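[1] using only what follows, build the 3D model:
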Amino acid sequence: MKYLALVIILSGCANTATTPWCTSKAGTVLIGVPPDNTFPITSHKYGNTDWDCENFQRAEDLLLEAVEQITPQFHLNAKSQLKSVAIYFHDGDSWVNTNEIEIAGQALCNWNTIQISSSTPPSSAYAHEMFHVFQGCKAPLPIDKKRDEDHADWIRSGIYEAIDYWSKSWNF
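    As a prediction, this is how the structure comes out:
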């Protein structure tokens with residue numbers, strides 16, 4: 001009888017992960033949506049649908065293009081590093097994190113997850129957070145002038161330039 005109770009208790013620990021809204025060609029999954037649980041995500045700021053499965057794939061395609069054009073040192077591993085990254089959205093353009101800092105995105109590399117605001121794709125933190133994933137959330141030292149340790153080499157390695165290229169490629 002006590003084994004039956006254990007089986008019943010453990011069955012409650014089964015994986016209850018949310019079914020992805022979209023899965024990209026490289027295997028990135030769009031899991032979480034804003035609190036109202038609607039998808040496609042409509043920007044309150046612009047009043048149109050900005051994040052849908054088509055634009056989710058486009059974000060990845062443009063990111064891989066930016067990596068190939070601007071930061072080739074990430075090109076060989078970028079596609080494989082995108083596999084199984086889970087993306088969660090926060091409602092609005094930013095939120096306050098646990099350190100009480102207003103942010104528009106964060107990479108949680110230990111969980112292979114990024115969280116981004118529901119801003120329009122070209123103004124979102126998608127590409128920024130993906131570069132954190134590409135670096136395993138560890139930017140090589142030394143720290144570039146006027147940068148912090150989380151973005152230590154982003155000027156000299158061309159990451160900021162690649163993010164800018166990605167943002168401008170949308171023609172939104």
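[2] who are the packing partners of the longest helix along the chain?
    For the chain, the helix that runs over the most residues, judged by DSSP state H, is helix 53-70. The helices and strands touching helix 53-70, judged by 3 or more CB pairs under 8 Å, 6 or more residues apart in numbering; DSSP states H and E, are strand 22-23, helix 75-82, helix 126-134, helix 159-168. C-betas here are computed from N, CA, C, even on glycine.
[3] could you point out which element follows the shortest one?
    It refers to strand 22-23. strand 29-32 (DSSP states H and E).
[4] distance from the chain centre to whichever helix or strand Tyr88 is part of, please.
    Here Tyr88, judged by DSSP H and E, is contained in strand 86-90. Remark: strand 86-90 is offset 7 Å from the chain centroid, using CA atoms, centre = their mean, to the nearest Å.
[5] quick check: neighbours of whatever helix or strand comes next after that strand in the sheet, parallel or antiparallel?
    Later in the chain than strand 86-90, the nearest helix or strand by DSSP H and E is strand 95-96. Strand pairing for strand 95-96, using DSSP bridges, gives strand 102-103 (antiparallel).
[6] need the residues that contact the helix or strand just after the strand it pairs with.
    Helices and strands here follow DSSP H and E; after strand 102-103, the next one along the chain is strand 105-108. Applying CB atoms under 8 Å, 6 or more residues apart in numbering, the external contacts of strand 105-108 come out as 97, 113-117, 124-126, 128-130, 132-133, 137.
[7] list buried residues within the residues you listed.
    For those, a burial check counting by 16 or more other CB atoms under 10 Å picks out 113-117, 124-126, 128-130, 132-133.
[8] pull the CA atoms of the longest helix of the chain into PDB?
    C-alpha atoms of helix 53-70 as PDB (Å, rounded to 0.1, in the frame of the first residue of the first chain):
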ATOM      1  CA  CYS A  53       5.100  31.900 -35.700                       C
ATOM      2  CA  GLU A  54       6.100  33.500 -39.000                       C
ATOM      3  CA  ASN A  55       7.900  36.400 -37.300                       C
ATOM      4  CA  PHE A  56       9.400  34.000 -34.700                       C
ATOM      5  CA  GLN A  57      11.000  32.100 -37.600                       C
ATOM      6  CA  ARG A  58      12.000  35.300 -39.200                       C
ATOM      7  CA  ALA A  59      13.800  36.500 -36.000                       C
ATOM      8  CA  GLU A  60      15.900  33.300 -36.100                       C
ATOM      9  CA  ASP A  61      16.700  33.500 -39.800                       C
ATOM     10  CA  LEU A  62      17.700  37.200 -39.500                       C
ATOM     11  CA  LEU A  63      19.800  36.400 -36.400                       C
ATOM     12  CA  LEU A  64      21.700  33.600 -38.200                       C
ATOM     13  CA  GLU A  65      22.200  36.000 -41.200                       C
ATOM     14  CA  ALA A  66      23.600  38.600 -38.800                       C
ATOM     15  CA  VAL A  67      25.900  36.100 -37.200                       C
ATOM     16  CA  GLU A  68      27.200  34.900 -40.600                       C
ATOM     17  CA  GLN A  69      27.800  38.400 -41.900                       C
ATOM     18  CA  ILE A  70      29.100  40.200 -38.800                       C
END
